[in-house]
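[1] sequence unknown, structure follows:
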């Protein structure tokens, strides 16, 4: 089953962000039980060569990999999809027309994604054009990130777009956009619930980043099924802290 099928089917999907633009971290986490890895080209210094190597590292273990693109230009979208990414996270989706224009660049067609049969996606000329067109339509995952107050009045137009597989809530940017500094502020929670309710109304899969994992159960009950949690950086820091805490506790117990 592809990651797109899992997401559309609202199966529980657990992934993490990769912040390190080197294939080793991606390769290591490709051995994990995570459902998907997300290269964060928006907030980490990935160039095309880094994305290329990290996608290949994920594919070495048949691990699904998506990319949160640094921008939604034709070249950025074309690059990551030609390199073999299973999908894209589109940041700062604010209205339906903007979303449609961006999504058109993700799929082959008139005024859409540029075609090359020599890419990794196309099997380096080993797949016929018709198969590549079908694979693009069938397997490319599109995740629209809602993280601006402007988008809250445009949710119907966004959620009505068939090509969007998942509405992903960017809670931290939404917090800032709403003029708050606490992601648990009442206005932020209200906005998140509004997005969740609207996505459910349109039968869209819903995703989010959750900083406080104690919230997970409540969001799952409300229909959230895609979680991108933590990052490779977070794993290193939290693992190091657990090690220090364990040694310190052992010292206390030994005294």
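    Arrived safely. Because the structure is a prediction, the values reported are computed rather than measured.

[2] Can you give me the pLDDT of the nearest residue to residue 129 once chain neighbours are set aside?
    Once flanking residues are discounted, residue 129 sits nearest to residue 117: 6.6 Å by C-beta to C-beta, 6 or more residues apart in numbering. The C-beta positions use only the backbone N, C-alpha and C, and glycine is treated the same way. Here, the pLDDT recorded for residue 117 equals 96.

[3] Surely residue 43 is in contact with residue 20?
    No: taking C-beta atoms under 8 Å as the definition, residue 43 is not a contact partner of residue 20, at 11.9 Å.

[4] So between those two, which is more surrounded?
    Higher neighbour count among residue 43 and residue 20: residue 20, with 19 against 12, using other C-beta atoms under 10 Å.

[5] wait, doesn't that one sit right on residue 234?
    No: with contact defined as C-beta under 8 Å, residue 20 and residue 234 do not form a contacting pair (11.4 Å).

[6] now the helices for this protein?
    Assigned by DSSP state H, the helices in the chain fall at 3-8, 23-29, 48-59, 74-82, 96-104, 129-139, 155-159, 171-177, 186-201, 216-221, 232-254.

[7] Same list (these) but as CSV, adding distance to residue 66, mean neighbour count and mean pLDDT.
    As requested, the helices of the chain are exported to CSV (distance: least, C-beta to C-beta, whole Å; neighbours: other C-beta atoms under 10 Å; pLDDT from 0 to 100):
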stretch, distance to residue 66, mean neighbour count, mean pLDDT
helix 3-8, 7, 19, 98
helix 23-29, 12, 18, 98
helix 48-59, 10, 20, 98
helix 74-82, 9, 20, 96
helix 96-104, 15, 17, 98
helix 129-139, 12, 14, 97
helix 155-159, 19, 18, 98
helix 171-177, 18, 18, 97
helix 186-201, 18, 17, 98
helix 216-221, 20, 12, 98
helix 232-254, 15, 11, 97
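
[8] outside of stretch 74-81, which residues touch it?
    Outside of stretch 74-81, the residues that reach it under the criterion C-beta atoms under 8 Å, 6 or more residues apart in numbering are 41, 48, 51, 55, 67, 69-70, 88, 102, 105-106, 113-114, 121, 136, 140.

[9] of those residues, closest to residue 82?
    If you rank those by distance to residue 82 using C-beta to C-beta, residue 121 comes first, at 5.3 Å.

[10] Next, work out how far apart that closest one and residue 138 are.
    Residue 121 sits 13 Å away from residue 138, taking C-beta to C-beta, to the nearest Å as the criterion.

[11] Provide a list of residues in contact with the residue nearest to residue 11 when sequence neighbours are not counted.
    The shortest distance from residue 11 to any residue that is not its chain neighbour, by C-beta to C-beta, 6+ apart, is 6.5 Å, and that residue is residue 225. Contacts for residue 225 (C-beta under 8 Å, 6+ apart) come out as 7, 10, 11, 12, 13, 205, 206, 207.
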